[in-house]
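Q: Here you go, sequence then predicted model.
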Protein chains: 2
Amino acid sequence: MIDKLIHKIKKTKAPIVVGLDPMLSYIPEHIQKKAFEAHGETLEGAAEAIWQFNKEIVDHTADLIPAVKPQIAMYEQFGIPGLEAFKKTVDYCHGKDLVVIGDAKRGDIGSTSAAYAAGHLGTVTVGGSAFRPFDEDFLTVNPYLGTDGVKPFADVCREEKKGLFILVKTSNPSSGEFQDQIADGRPLYEHVGELVAKWGESCMGESYSQIGAVVGATYPEMGKVLRKIMPKNYILVPGYGAQGGKGADLVHFFNEDGLGAIVNSSRGIIAAYKQEAYVKFGPEQFGEASRAAVEDMIKDINGALGL
Amino acid sequence: MIDKLIHKIKKTKAPIVVGLDPMLSYIPEHIQKKAFEAHGETLEGAAEAIWQFNKEIVDHTADLIPAVKPQIAMYEQFGIPGLEAFKKTVDYCHGKDLVVIGDAKRGDIGSTSAAYAAGHLGTVTVGGSAFRPFDEDFLTVNPYLGTDGVKPFADVCREEKKGLFILVKTSNPSSGEFQDQIADGRPLYEHVGELVAKWGESCMGESYSQIGAVVGATYPEMGKVLRKIMPKNYILVPGYGAQGGKGADLVHFFNEDGLGAIVNSSRGIIAAYKQEAYVKFGPEQFGEASRAAVEDMIKDINGALGL
């Protein structure tokens, strides 16, 4: 799947991913109203609003981008109907040939990680039949439990040619509390990065590993170091835009081949119509506003990369 | 909720929790057959088998135990139908007045953790209506992202009087890779334990905090140290039984008041009928086998505690 991701990044000239993290407050009134008229002010109504919102954003941006990253928490919070909207979104994006990164940050002891891996990336067997319950292409994974918590995910990736992005240095303000602790003369995130590089060796695509890392745009200096520690691992970079990361901060997340990183923006794209720069589109044309925001993000990043 | 948990532990004289982590391979043939006859060899069929299996185990053990801990991965792997079985299990256990610990190991940046917290422990608002999508009593949380990833969970706990168990030292063999790294002269898990103690201060119940910790039975010496670092935090102890932890290993996880720890067993209870000691019950009487295994576990632990 990393090869498909790279192929699509080259084709679109856009090393970006749109984070489909819909909060109800981002969804324009007219979408909410229609969904609530059909389903009431219920979990089903919220799920329908999310789904219609996503669909319009995907319809307006799919030709410009290689990938989307739905954040499962934003669906899970609306219970079963919310998770149905997650699944519909994944399937719809596959129909548009987008690479889907499930942002789930799962991770547990071995047999439990194996269950998450089967459900999100692989197949489960029921009697004589096999099913692909969620079927994302990549999954984000939390490494706190160590190798035997990650290995079941890597095993499924090897078999299915799918991928992971493992949390190394996250974009949030207090990520340093544990991740920056100095052990053996180096911060913990470097230890994690080294293991990501090692785990990735057994899951190589053509030029990069199926196993990548998450490193926040908000920590560009650390990104520079981690880029060197993990030369064959793609870096998924959150924190651009709304969280404060800028195009210029991103340069060192990339390799000299111009590859190696994919930058996420969620709120900055999906709620673009609420921002001053795109307010002219109005809430009815929120999909157009998102398209314009994607175009601007691509320009900003490619400009910083000197492309 | 910690007060209810402690009240129920005292009443049952059983500082234990039954892990409802059903794998299809644990579920007796006759249950699977009936479920597949009704729903086919489908995700719905698997979910029905899980649900019937859980129901029988809960019916046979609910009067002996204070709490259950469904591992959501085992349901999530079967997609939406699996998660419906999770929700049905949570509701059914509430109907039996059991405390429900959702073992989800969620954790993300602030706004995303807030969504998980709302969906699992609190309420979500849709228009003018509020819903409790999953409504567990406690949730396990991964601390890798630091305070701002944990705070949204703690905020919901304070409001709803619900609780957390935060991963400190996990029971799996490679948990030490990151958790045991020495920083500032102490292993990382001690740093995490100190923050759990601090986070817990703002969420106190009568004698213990709503915020507890996960420390594996497989690491009794570390449990001893962590017990002192977190005197007011309940410790959820996985790894008993199938993972190798024994009653005698558990003594130091408890405080001198005889409280402070709750020991989980999953496979050892729910798949008891497959073990030599309980094979006499046969697969048809698997609920009775689980009951006998619960009684033996209580004896083992109380014996070790000198009760």
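A: Received, thanks.
Q: residue ranges of the strands in chain A, please?
A: Using DSSP state E, the strands found in chain A span residues A:16-18, A:67-68, A:99-106, A:124-126, A:129-131, A:138-141, A:163-169, A:182-183, A:186-187, A:211-215, A:235-237, A:261-265.
Q: Using a markdown table, lay out those strands together with mean pLDDT.
A: Shown next, in a markdown table, are these (pLDDT from 0 to 100):
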| stretch | mean pLDDT |
| --- | --- |
| strand A:16-18 | 98 |
| strand A:67-68 | 98 |
| strand A:99-106 | 98 |
| strand A:124-126 | 98 |
| strand A:129-131 | 98 |
| strand A:138-141 | 98 |
| strand A:163-169 | 98 |
| strand A:182-183 | 96 |
| strand A:186-187 | 98 |
| strand A:211-215 | 98 |
| strand A:235-237 | 98 |
| strand A:261-265 | 97 |
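Q: Could you dump these into CSV and include mean neighbour count?
A: Heads up, the C-betas are built off the backbone N, CA and C, glycines and all. Formatted as CSV, the strands of chain A follow (neighbours: other C-beta atoms under 10 Å in any protein chain shown):
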stretch, mean neighbour count
strand A:16-18, 28
strand A:67-68, 26
strand A:99-106, 26
strand A:124-126, 18
strand A:129-131, 15
strand A:138-141, 28
strand A:163-169, 28
strand A:182-183, 15
strand A:186-187, 18
strand A:211-215, 29
strand A:235-237, 29
strand A:261-265, 27
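Q: Pull the number of nearby residues for A:D184.
A: Residue crowding around A:D184 was assessed by other C-beta atoms under 10 Å in any protein chain shown; the count is 11.
Q: repeat for A:P231
A: With other C-beta under 10 Å as criterion, A:P231 counts 12.
Q: what does the one 3 residues further on give?
A: For A:Y234, the tally of surrounding residues (other C-beta under 10 Å) stands at 29.
Q: Bridged to the residue nearest to it when sequence neighbours are not counted, which residues?
A: Once flanking residues are discounted, A:Y234 sits nearest to A:G212: 3.7 Å by C-beta to C-beta, 6 or more residues apart in numbering or on different chains. Per DSSP bridges, residues listed as beta-bridge partners of A:G212: A:F165.
Q: doesn't A:L236 make contact with A:G212?
A: Yes. Using C-beta atoms under 8 Å, A:G212 is in contact with A:L236, at 5.9 Å.
Q: Overlap in contacts, the two.
A: A:F165 (C-beta atoms under 8 Å, 6 or more residues apart in numbering or on different chains).
Q: Now do the contacts for A:M23.
A: By C-beta under 8 Å, 6+ apart, the residues touching A:M23 are A:M74, B:S111, B:A115.
Q: Please produce TSV containing those, extended by neighbour count, distance to B:D300 and pLDDT.
A: TSV is the format used below for the contacts of A:M23 (neighbours: other C-beta atoms under 10 Å in any protein chain shown; distance: C-beta to C-beta, whole Å; pLDDT from 0 to 100):
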residue	neighbour count	distance to B:D300	pLDDT
A:M74	26	43	98
B:S111	19	44	94
B:A115	25	40	98
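Q: of those, closest to A:D180?
A: Taking C-beta to C-beta as the measure, B:S111 is the one of those closest to A:D180, at 21.9 Å.
Q: What distance do you get for the closest one to A:P187?
A: Counting by C-beta to C-beta, to the nearest Å, the separation of B:S111 from A:P187 is 25 Å.
Q: now A:L145
A: Plainly put, A:L145 is 19 Å away from A:P187 if you go by C-beta to C-beta.
Q: circling back: in CSV: the strands of chain A, plus distance to B:P66.
A: CSV is the format used below for the strands of chain A (distance: least, C-beta to C-beta, whole Å):
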stretch, distance to B:P66
strand A:16-18, 44
strand A:67-68, 43
strand A:99-106, 28
strand A:124-126, 32
strand A:129-131, 36
strand A:138-141, 32
strand A:163-169, 34
strand A:182-183, 38
strand A:186-187, 41
strand A:211-215, 38
strand A:235-237, 41
strand A:261-265, 42
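Q: out of those strands, which comes closest to B:I57?
A: Going by C-beta to C-beta, the one of the strands of chain A nearest B:I57 is strand A:124-126, 20.3 Å.
Q: Please tell me I have it right and A:K13 contacts A:L307.
A: Yes. Shown here, A:K13 and A:L307 form a contact pair, counting by C-beta under 8 Å, at 7.2 Å.
Q: For the spatially most central residue of chain A, which residues are in contact?
A: When C-alpha atoms, centre = their mean is applied to chain A, the residue found nearest the centroid is A:K69 (3.5 Å). Residues near A:K69 by C-beta under 8 Å, 6+ apart: A:V17, A:V18, A:G19, A:L20, A:V100, A:I101, A:G102, A:D103, A:L236, A:N264, A:S266.
Q: mind running it again at 6 Å?
A: Contact analysis of A:K69 by C-beta atoms under 6 Å, 6 or more residues apart in numbering or on different chains lists A:V17, A:G19, A:I101, A:D103, A:N264.
Q: with the residues you listed in mind, which one is nearest to chain B?
A: Closest approach between the contacts of A:K69 and chain B, by C-beta to the nearest C-beta: A:D103, at 8.2 Å.
Q: What's the separation between the closest one and B:A38?
A: Per C-beta to C-beta, A:D103 is found 35 Å from B:A38.
Q: Tell me the residues of the stretch 51-200 of chain A that contact chain B?
A: A:71, A:73-74, A:76-77, A:79-80, A:83-84, A:105, A:108-109, A:112, A:115-116, A:118-119, A:124, A:126-129, A:131, A:133, A:142, A:144-148, A:170, A:172-175, A:177-178, A:181-183 (C-beta under 6 Å from any C-beta of the partner chain).
Q: Name whatever forms a beta bridge with A:V17.
A: Assessed by DSSP bridges, A:V17 has beta-bridge partners A:A67, A:N264.
Q: pretty sure it is touching A:A261, no?
A: No. A:V17 sits out of contact with A:A261 when judged by C-beta atoms under 6 Å, with a separation of 10.5 Å.
Q: Common neighbours of these two, please.
A: Counting by C-beta under 6 Å, 6+ apart, A:V17 and A:A261 have no common neighbour.
Q: Show the contacting residues for A:G258.
A: For A:G258, no contacting residues are found, by C-beta under 6 Å, 6+ apart.
Q: what number of residues lie near the nearest residue to A:N54 once chain neighbours are set aside?
A: Among residues not flanking A:N54 along the chain, A:T89 sits closest, at 4.9 Å (C-beta to C-beta, 6+ apart). Counted by other C-beta under 10 Å, the residues lying close to A:T89 total 23.
Q: Look up how far chain B lies from A:T89.
A: The span separating A:T89 from chain B equals 13 Å under the rule C-beta to the nearest C-beta, to the nearest Å.
Q: so that residue makes contact with A:P70?
A: Yes. The criterion here is C-beta under 6 Å, and A:T89 meets it with A:P70 at 5.4 Å.
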